[in-house]
Structure formats: C-alpha cells, structure tokens
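Student: Pasting a predicted model and its sequence here:
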Amino acid sequence: MSYIKIDNISFSYENGERVFQDLSFEIEKGECVLAEGDNGSGKSTLFRILSGLSLPDKGSYRFDGEMIDEKFLKNNTKTKLFHKRVGFLFQNPEVMLFNARVYDEIAFGPRQMGMSDKEVEGRVKDLLELFGIAEFADRPPLFLSWGQKKKVAFAAVMALNPEVILLDEPFAGLDERNAGWMKAFLRELKQTGKTLMIASHKETFEDGFIDRVLKLGARQNGQ
C-alpha cells in the first residue's frame, strides 16, 4: 500500500481552465519527490489537494490508505489528525502569517491540537532556536524581512512535527545565505525520514538528494 496515492485526478478552475487531467502517481514514506513544471502547470494546485485545502474534480487521493475526500474533510477529528501529519509551506509566507507575534504564530498549531502550555512553550522555544529567529519572538511577523517571514512560516509548519512536508518554491525570494540554510535544513529533514515533496528546479539540489521527479503539464501524467 502506497503512502500517498493519486489516481487519475483532474482539476479545473471555476472559469473552466484545466490545470491537469488524469494525473496519477504514488509516493512512498521517506521519499523526496521534486515537482517540476512551467508556471500554470498545477504545482501549487496539486499541493493544495495533497494538503486537503482543495479537492480534485474527479479521481481519488489516498493518504496512508485513507480516502481524502469531502466526507473525510468534514470529519473534524480525522481532518485535525491529517493536518498534523501533512504540513504545507506556501510559496508566499505572508499568506500564512496572521498572529500578532512570531511566538504566537509558531504556537498556534500546537495550541489548536490541545497541547499543554508547558508543551507549547518548549516546542516553540526549540523551533525559535532551530530556525535562528529567537530574537524575533515578540515581533509582528509581517514586519520582518522576506527570509525571516519564510523561516517563521516554516517553523509554524514544523511545530506539529508533520510526517509529510509539502514545499512550494521554498527558495523563492531568498538571498544566498537563506537559500543555503534552506538546503541544509531540507537535507536534515530527509535524513530523519520525513517525506518531502518540493516544487522547485532540479539544479537547485545536489545529486542524490531527489529520489524522483514528477513532471507536470497539460494532460501529462507524473512519472
């Protein structure tokens, strides 16, 4: 049984524009898969489907053997656990930031999961140090630099310690120093056995980092 199984999904925007058709692929636990395609090929839409934020027009999506469909997403208990297991870092971190302080941004997910104040405090402190943003703990996230916002958003994703991490153009807008940090952190995540799916360019990564490439395009299945 595959960890993630996409079977013949299609998706179109409300205006009728088709993003992809009959897309099928499988991902095993611990794999690092690169999603490649031109702008408009559906990378961001696919990530929204994989994270449960959108549903395909047809076809099916199974995660760890369970069908992720409208019925599943209406079950609050199941959806809560699903969002704990699958994290999604958006290309634009600003759409993910809505709290008054960086601390509360990272603490939001653990609080929603019902963790104790002590557990939340310990987890947030560890992530602030891990991401090198401890000095910004009490600052409003939206007043930070782009690279700092990206780290805050990523730390918020990692606050729930997800098994699967979807990263939509994680290097977009980063300077050389922050891009280097991002590469190193992704390497560490892979080494710990996390399942990664990354929308980016293949040349960004060293040989051996990417296990498989999923090519997206009109009427094209990923292989």
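Tutor: That came through fine. Numbers count the residues shown, from 1 in each chain.
Student: Residue 198: neighbour count?
Tutor: Other residues within reach of residue 198, judged by other C-beta atoms under 10 Å, total 25. Quick note: C-beta positions are derived from backbone N, CA and C, even for glycine.
Student: Listing request: residues of the protein with sub-threshold pLDDT.
Tutor: 1, 218-223 (pLDDT under 70).
Student: Show me where it has its strands.
Tutor: 4-12, 18-27, 32-36, 58-63, 66-67, 86-89, 164-168, 195-199, 212-215 (DSSP state E).
Student: quick one: residue 202 and residue 35 touch, right?
Tutor: No - the criterion here is C-beta atoms under 8 Å, and residue 202 misses it with residue 35 at 10.5 Å.
Student: buried stuff in the helix ranked longest in the chain?
Tutor: Using DSSP state H, we find that the single longest helix of the chain is helix 176-191. Neighbour-count burial for helix 176-191 flags 178-179, 181-183, 185-186, 189-190 (criterion: 16 or more other C-beta atoms under 10 Å).
Student: Repeat that for stretch 73-89.
Tutor: 82-84, 86-89.
Student: tilt between the longest helix of the chain and strand 164-168?
Tutor: 150 degrees (axes from the mean of the first three to the mean of the last three C-alpha atoms, to 10 degrees).
Student: Between strand 32-36 and helix 176-191, find me the angle.
Tutor: Using the same axes, to 10 degrees: helix 176-191 against strand 32-36 is 130 degrees.
Student: got the CA coordinates for helix 176-191 in CSV?
Tutor: Taking Å, rounded to 0.1, in the frame of the first residue of the first chain, the C-alpha atoms of helix 176-191 are listed here in CSV:
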residue,chain,number,x,y,z
GLU,A,176,22.1,33.2,-1.0
ARG,A,177,22.6,32.8,2.8
ASN,A,178,19.0,31.9,3.5
ALA,A,179,18.8,29.6,0.4
GLY,A,180,21.9,27.8,1.8
TRP,A,181,20.2,27.5,5.2
MET,A,182,17.0,26.1,3.5
LYS,A,183,19.0,23.5,1.5
ALA,A,184,20.8,22.3,4.7
PHE,A,185,17.6,22.1,6.7
LEU,A,186,15.8,20.1,3.9
ARG,A,187,18.8,17.7,3.9
GLU,A,188,18.4,17.2,7.6
LEU,A,189,14.7,16.6,7.3
LYS,A,190,15.3,13.9,4.6
GLN,A,191,17.9,12.3,6.8
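Student: now it, how far from the centre of its chain.
Tutor: Its chain's C-alpha centre and that of helix 176-191 lie 15 Å apart, by C-alpha atoms, centre = their mean, to the nearest Å.
Student: With stretch 195-205 instead?
Tutor: So, by C-alpha atoms, centre = their mean, the centroid of stretch 195-205 is 12 Å from its chain's centroid.
Student: What are the contacting residues of that stretch?
Tutor: 3-4, 27-36, 43-44, 47, 50, 91, 163-171, 183, 186, 189-190, 210, 213-214 (C-beta atoms under 8 Å, 6 or more residues apart in numbering).
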